[in-house]
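Engineer: Next one to model:
(one chain, ligands or ions: 1)
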Amino acid sequence: MRQAVEAQVLNPHCELGEHGLRQILTDVIQEVRRSVNQDIDGAEILHSLLNASWLQSLLKIYEGLQRYLRDSPPPALDYASGLSLQVTFQIALLSAHDTVAQKVYEPVLPPMPDDLPDDEEATRIVCLVKNKQPLGATIKRNEISGEIFIARVIHGGLADRSGLLHAGDRIIEVNGFPVDGLEPEQVIQVQARSQGTIMFKVIPITERPVHNQTMLYVRAMVDYSPQQDPAIPCADAGMSFRKGEVLEVVDQMDALWWQAKKLPSNTACAGLVPSSNLLKRKQREFWWSQPYHPHACVQTCEGIHFLVWSLKSICLSAGFRRSLRLCRRRSHSTTQPFCHTRCPNSCSSTLNSPYEEVVRYQRHPQDAQRLITLLGPCGVGVNELRRRLIEMNPNIFQGAVPHTTRAPKGYEESGREYYFTSREMFDNMVYNNRFLDYGEYKGNLYGTSIESVRGVLNSGKICIMDIDPNAIQAVRNHELRAYIVYVKPPSQERLKETRRDSFITTSCYVNRPFKDEDFQEMEEAARKIESHFSQFFDNVIVNDELQDSCIQLLTAVRKSQDEPQWVPVSWIRPTTT
Ligand SMILES: Nc1ncnc2c1ncn2[C@@H]1O[C@H](COP(=O)(O)OP(=O)(O)OP(=O)(O)O)[C@@H](O)[C@H]1O
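Structural biologist: Numbers count the residues shown, from 1 in each chain. Got it, this is the predicted structure:
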């Protein structure tokens, strides 16, 4: 026994916890009792006890513990207690995982029906557990045979994730109800009545179409609402979108109805959207059914909001150099347009396309800077923002010098305020499509040439330009890669508060204080610009407090140059025409 006690105490790895010490003491008492029983002399017992090496060891341990208590040494690791907590947490997590993993969560499915046809291969029984999600499949009826088929399976929906139902499968029964000859709505009612699980008896399609489509990303150029579209096969499966939103088209198998997700997407399930061809067809039908509209308009056709406009038909004021701004204002108030924009041949096709194919683009540091364009209603502060940005850092930002046919004033230098040019030369540049936009005011012509913008970009600076909304198409191209910032007016109340000491330039007055009518006009013009052109806006700044707007503009410019953006695919893979 003694040897055993000693071995235990002397073992450097032995752990003398509360229980270990108690055990040793019990052993000591037993030893003493045995010695007494064997009538061994008391002094002898005491002697051997005090000499016992295990007692010496115990005392050493005691001393050692006392020393530790006195010195209170630091822990081996600073984070030992945190680490132990973490380990405890991980162990608890693993234990919870094991408990969950061992449980059986499979739904209890009803037994297989007895009356399965002999031709078992041709029939499939599909049991799905109903949850709050829709089934994610649409059905259709063959009008001649009355047979019911799965028309399409929505990507990421319940049916798709089950992998058991496919477009083209013929449904024979739903929950034991034969469905042949029923209307699709009646089949849906049968399905809706089922509780817990739903059972389909289907004849699977023999040859499933191969899915080898590449992903397509598009920017919507129109608004769409499935709830207002009577032509959609299933409104609940439809997905609404607003113009400007980017869609990831995950399925184009159907020529009429695509499946898409809105980006950024937080849902696994796609929705039905009209294909490009279908939307174009509807646009055309709508166009021919309408009386001629000389101006851009947003209309509703069978619940689909279309943007239809004619080129060069509207001229909304925005402005850069005062004279050209005045020219634009005048053109806005007359029936004859005075200002024009350069529009390449491909422009009309882009305008008429309901979807614009886009790709994610990140400017390479060696690429030219993107052109920054500002637009907004008259008086909103487009020029003020542009001016402040350039003033803030003229080494980085620069405006494009416009051309004019008017005579230079005493202090003006050609190439600084304007390029002063003859009318003949100007006409020639117009003829050769060299202006991004141009116009006439008080008998003089004004315009910004593409070469002028190119000059700034080639110098490595960021060109800041304010444009008329009609010039959007001219700057959205492979070379300029314009980033379009829309400057939006704040509420009427905020305009009144912030523009107390500001001045507007109108067609009659230069720099007069703002009036209430100016704010109303500004709001109306903003509404028009937004309804016609919002799909092209890369960024929107509400020009409330000037200081905040400047910061927002700086952030937008940095984003445009340094962060990935969705841009038209033609900028990256230019089409050869
Ligand atoms: N956030 C703001 N707060 C107060 N005043 C502002 C603000 N933004 C612009 N302004 C002032 O409003 C007036 C009109 O601005 P600005 O000339 O830049 O307008 P614009 O959009 O270029 O329109 P236009 O082409 O008609 O000149 C200027 O006096 C400008 O200093």
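
Engineer: how far away is Gln23 from Val36?
Structural biologist: Distance from Gln23 to Val36, counting by C-beta to C-beta, to the nearest Å: 21 Å. Where C-beta positions appear, they are placed from N, C-alpha and C, glycine not excepted.

Engineer: Compare those two (neighbour count), which wins?
Structural biologist: Legend: neighbour count by other C-beta atoms under 10 Å for Gln23 and Val36, higher for Gln23 (14 against 11).

Engineer: Which of the helices or strands spans the more buried one?
Structural biologist: helix 18-37 (DSSP states H and E).

Engineer: from the chain's centre, how far out does that helix sit?
Structural biologist: In terms of C-alpha atoms, centre = their mean, to the nearest Å, the centre of helix 18-37 is set 75 Å apart from its chain centre.

Engineer: Identify the residues contacting the residue nearest to Ser452 when sequence neighbours are not counted.
Structural biologist: Spatial nearest neighbour of Ser452, chain neighbours left out: Ala400 (4.2 Å); criterion: C-beta to C-beta, 6 or more residues apart in numbering. Applying C-beta atoms under 8 Å, 6 or more residues apart in numbering, we find Ala400 in contact with Thr448, Ser449, Ser452, Val453, Gly455, Val456, Cys463, Met465.

Engineer: element containing the fifth one, please.
Structural biologist: With secondary structure defined by DSSP H and E, Gly455 is part of helix 450-458.

Engineer: Return the list of helices and strands in contact with whatever helix or strand comes next after that helix.
Structural biologist: Downstream of helix 450-458, the next assigned helix or strand under DSSP H and E is strand 462-466. Applying 3 or more C-beta pairs under 8 Å, 6 or more residues apart in numbering; DSSP states H and E, we find strand 462-466 packed against strand 372-375, helix 382-392, strand 397-398, helix 450-458.

Engineer: now what about the third one, what contacts it?
Structural biologist: Put plainly, it is strand 397-398. Contacts of strand 397-398 (C-beta under 8 Å, 6+ apart): Leu389, Ile390, Val456, Ser459, Lys461, Ile462, Cys463, Ile464, Val557.

Engineer: wait, isn't the fifth one in contact with Gly399?
Structural biologist: So the one you mean is Lys461. No. Using C-beta atoms under 8 Å, Lys461 is not in contact with Gly399; the gap is 9.9 Å.

Engineer: OK, contacts around Arg476?
Structural biologist: Thr350, Ala482, Ile484, Phe536, Pro568 are the contacts of Arg476 under C-beta under 8 Å, 6+ apart.

Engineer: Can you select the buried ones from the residues you listed in PyMOL?
Structural biologist: Buried subset of the contacts of Arg476, written as a PyMOL selection, criterion 16 or more other C-beta atoms under 10 Å:
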select buried, resi 350+482+484+536+568
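
Engineer: right, and Gln492 touches Glu523 too?
Structural biologist: Yes. The pair Gln492 and Glu523 passes the contact test of C-beta under 8 Å, sitting 6.5 Å apart.

Engineer: out of these two, which sits in the busier spot?
Structural biologist: Just comparing Gln492 and Glu523: by other C-beta under 10 Å the higher neighbour count belongs to Glu523, 17 against 13.

Engineer: roughly how far apart are the more buried one and the ligand?
Structural biologist: Distance from Glu523 to the ligand, counting by C-beta to the nearest ligand atom, to the nearest Å: 14 Å.

Engineer: my read is that residue is in a helix, agree?
Structural biologist: Yes. Applying DSSP: H, G, I helix; E, B strand; the rest coil, one finds Glu523 inside a helix.

Engineer: Need the pLDDT of Glu15.
Structural biologist: Glu15 carries a pLDDT value of 50.

Engineer: Ok, the one 3 residues further on next?
Structural biologist: At Glu18, the pLDDT value in this model is 53.

Engineer: hang on, the earlier thing: out of Lys461 and Gly399, which sits in the busier spot?
Structural biologist: Using other C-beta under 10 Å, the more surrounded residue of Lys461 and Gly399 is Gly399, with 22 against 19.

Engineer: For Val190, which residues are in contact?
Structural biologist: Shown in contact with Val190 (C-beta under 8 Å, 6+ apart): Val174, Asn175, Phe177, Val179, Leu182.

Engineer: what's the closest of those residues to Gly168?
Structural biologist: Among the contacts of Val190, Val179 lies closest to Gly168 (C-beta to C-beta), at 15.8 Å.

Engineer: C-alpha coordinates for stretch 234-246, PDB please?
Structural biologist: The C-alpha trace of stretch 234-246 is given here as PDB (Å, rounded to 0.1, in the frame of the first residue of the first chain):
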ATOM      1  CA  CYS A 234     -48.300  33.500 -64.000                       C
ATOM      2  CA  ALA A 235     -48.300  36.900 -62.400                       C
ATOM      3  CA  ASP A 236     -47.200  35.400 -59.000                       C
ATOM      4  CA  ALA A 237     -44.100  34.000 -60.700                       C
ATOM      5  CA  GLY A 238     -43.300  37.300 -62.300                       C
ATOM      6  CA  MET A 239     -40.700  39.800 -61.100                       C
ATOM      7  CA  SER A 240     -41.200  43.600 -61.300                       C
ATOM      8  CA  PHE A 241     -38.300  45.800 -62.100                       C
ATOM      9  CA  ARG A 242     -37.600  49.500 -62.500                       C
ATOM     10  CA  LYS A 243     -35.500  51.000 -65.300                       C
ATOM     11  CA  GLY A 244     -31.900  51.300 -64.400                       C
ATOM     12  CA  GLU A 245     -31.900  48.100 -62.400                       C
ATOM     13  CA  VAL A 246     -29.500  45.400 -63.300                       C
END
